[in-house]
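# Build me a structure from this.
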Amino acid sequence: MAGRALKLASLTAAASGIYLYGNKFLDPSDFGVVRVGRTIATTALITYDYLTSLRSVPYGSEEYNFLKSQVHLRSAERLRKLCCVNRGTFIKVGQHLGALDYLLPEEYTRTLKVLHNQAPQSTRQEIEQVIREDLGKEIKELFVSFEYTPLGAASLAQVHKAVLQDGRTVAVKIQHPKVQAQSSKDILLIEVLLLVVKQIFPDFEFMWLVEEAKKNLPLELDFLHEGRNAEKVADMFKNFDFLKVPRIYWELSSSRVLLMEFMEGGQVNDRAYMERNGIDVNEISRNLGKLYSEMIFVNGFVHCDPHPGNVLVKKCPASGKAHIILLDHGLYQDMEIRSNTAAYLPQITQLLNNVPRQMLLLLKTNDLLRGIELALNTRASASSFLNMSRCCIRAVSRYQRSKSHSLYRKAQISLTEALSLWQISLYELFLWLKGSQLGNWVIALLRRRHHSMY
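A predicted model of the protein is given here:
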């Protein structure tokens, strides 16, 4: 009896193995025991490396610093490989780590940044499965044409170009089918392992990553939430005629599928594209600074993933004006800097010791603006700083007026605000003259006049 049961179990296991091996729809990496085992092994290996490689070397010595850099590099590479093979939530966390230039060693950020270009792609069968399950129809019933090769793929989803039956060209954002089922288990696994690491290394201070993931990932996996954010931003900045946000087609959207108006253009840091298309790089830099300054200091509703791939530029053929196209509205941060400016000052001074998550977002946004100005060679105009200064002055003045009950005091605040804004405009005019041909002529004329006097 026992022998027969053993033989049956062996045959079942063998048949299952053959089935799994030959089935394109199943990946061993998707099984919990495989993901857990691989993650535990990688974490143990990284921990052992740190414990043993630096143990017998004098702390702070040149040899110690060299060995520490090598351990950082080995550990970062192991972490990158783990993220690539486990996919989904792991790639999302890895991408987030790669953006923490302010906090993590360079070996980690440099190694993990490549995860932005190594996101997984869903197969044709998986795409059709998600569309069928969420929209209740086959792709050929919904679209005249559908490009199966994605325009772009990320850790949680990928985007395809398609044409609806009525002729509208749309962008279809489709969530990877296994991400939602795996995400909560992955976060729990990461949390447990980080707690173990913290017990071994008491100075380890990255538990906040898990808290951020637990709070934000469910929002990012709900594409209806992203659609509502897109409409909110479009309405919030409707007075900015240079800003375009793709329209959402709600009738063909779900929590895992989002249909949007198709918009294309060059990345906001692509100077060559702008020169080919006659787009004024200084205007783009100025408008981008104005947009993010308004987000941060005036509206307190800030795009959480500011990188050039999510910000496109395009020249409108009809009007000749340059448009900024803002994409990926899955996650926004509500910020209270408008009414709590003073409360942030002590935190800013202790930035390297205790960085608030919202402040990290501000620094990340600042990096985006500075990087784009550098790529477009518009740093000399200081347009982003000037626009940010204007928004800060307006936000602080508005707050001060709201707290004042005296008409005289309110008038005094408004006058100070107007004077400060006028000074910024005057300084901006000076910078423009300094960098323009007219300014060069004036400076040359003054120099000649100065030499002739002596």
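# For the rest of this, base every contact and every neighbour count on C-alpha atoms.
Noted.
# who's in contact with the residue most central in space within the chain?
Compute the mean C-alpha point of the chain, and by CA atoms, centre = their mean the closest residue is Asp305, 2.1 Å away. In this structure, Asp305 makes contact with 328, 331, judged by CA atoms under 8 Å, 6 or more residues apart in numbering.
# can you rerun that using 6 Å?
The contact partners of Asp305, taken as CA atoms under 6 Å, 6 or more residues apart in numbering, number zero.
# where does it land in three-state SS?
Classification of Asp305 using DSSP: H, G, I helix; E, B strand; the rest coil returns coil.
# What does the pLDDT read for it?
On pLDDT, Asp305 comes in at 72.
# Check Val172 too.
pLDDT, Val172: 97.
# and the next element down the chain from the helix or strand of the chain at the bottom of the mean pLDDT ranking?
Lowest on mean pLDDT, DSSP states H and E among the helices and strands of the chain sits helix 2-22, with a mean of 39. Sequence order places helix 32-53 as the next helix or strand after helix 2-22, per DSSP states H and E.
# hey, what's the nearest residue to Leu243 once chain neighbours are set aside bridged with?
The shortest distance from Leu243 to any non-neighbouring residue, by CA to CA, 6 or more residues apart in numbering, is to Ile324 (5.0 Å). Per DSSP bridges, the residues bridged to Ile324 are Leu243, Val313.
# and Ile324, how many neighbours?
Number of residues near Ile324 (other CA atoms under 10 Å) recorded here: 25.
# For it, give its distance to Pro246.
With distances taken as CA to CA, to the nearest Å, Ile324 is found 11 Å from Pro246.
# go on, Glu428?
As defined by CA to CA, Glu428 lies at a distance of 33 Å from Pro246.
# same thing with Thr123?
26 Å.
# Mind checking which of the two has more residues around it?
With neighbours defined as other CA under 10 Å, Thr123 and Pro246 compare such that Pro246 has more, 20 against 15.
# What's opposite the nearest residue to that one once chain neighbours are set aside in the beta bridge?
Leaving aside its sequence neighbours, Pro246 sits nearest to Glu261 (CA to CA, 6+ apart; 5.0 Å). As for beta bridges, Glu261 partners with Val170 under DSSP bridges.
# Just give me the neighbour total for Glu261.
A count of neighbours around Glu261, defined by other CA under 10 Å, yields 16.
# Could you do Lys81 as well?
By the measure other CA under 10 Å, the count of residues near Lys81 is 16.
# host element of it?
Under the criterion of DSSP H and E, Lys81 resides in helix 62-86.
# What angle do helix 62-86 and whatever helix or strand comes next after that helix make with each other?
Next helix or strand after helix 62-86 toward the C-terminus (DSSP H and E): helix 89-98. Relative orientation of helix 89-98 versus helix 62-86 (axes from the mean of the first three to the mean of the last three CA atoms, to 10 degrees): 150 degrees.
# Helix 89-98: how far from the chain's middle?
With CA atoms, centre = their mean, to the nearest Å as the basis, helix 89-98 stands 11 Å off its chain's centre.
# That helix vs helix 32-53, what angle?
Interaxial angle, helix 89-98 versus helix 32-53 (the same axes, to 10 degrees): 30 degrees.
# outside of helix 89-98, which residues touch it?
Residues outside helix 89-98 that contact it (CA under 6 Å, 6+ apart): 83, 109, 112-113, 115, 155, 183.
# Now flag whichever of those is closest to His405.
Set against His405, the nearest of the contacts of helix 89-98 by CA to CA is Thr109 (50.0 Å).
# burial count for the closest one?
Applying other CA under 10 Å, we find 22 residues neighbouring Thr109.
# So it lies in a helix, does it not?
Yes. Assessed by three-state DSSP, Thr109 belongs to a helix.
# could you check the distance from it over to Phe242?
Counting by CA to CA, the separation of Thr109 from Phe242 is 34 Å.
# what's the answer for Asn287, then?
8 Å.
# And for Leu188?
Distance of Leu188 to Phe242, computed by CA to CA: 43 Å.
# ok, the two, which is more surrounded?
Phe242 (20 against 13).
# For that one, give me its contacts.
323-324.
# Could you do the one 3 residues further on as well?
Residues touching Val245, when contacts are defined by CA under 6 Å, 6+ apart, comprise 234, 325-326.
# Distance check, it against Val302.
15 Å.
# What of His225?
According to CA to CA, His225 and Val302 sit 15 Å apart.
# These two: which has the busier surroundings?
Higher neighbour count among His225 and Val302: Val302, with 24 against 17, using other CA under 10 Å.
# Farthest pair within the contacts of helix 89-98?
Greatest spacing in those, by CA to CA: Thr109 and Ser183 (23.1 Å).
# pretty sure Leu258 belongs to a strand, no?
Yes. Assessed by three-state DSSP, Leu258 belongs to a strand.
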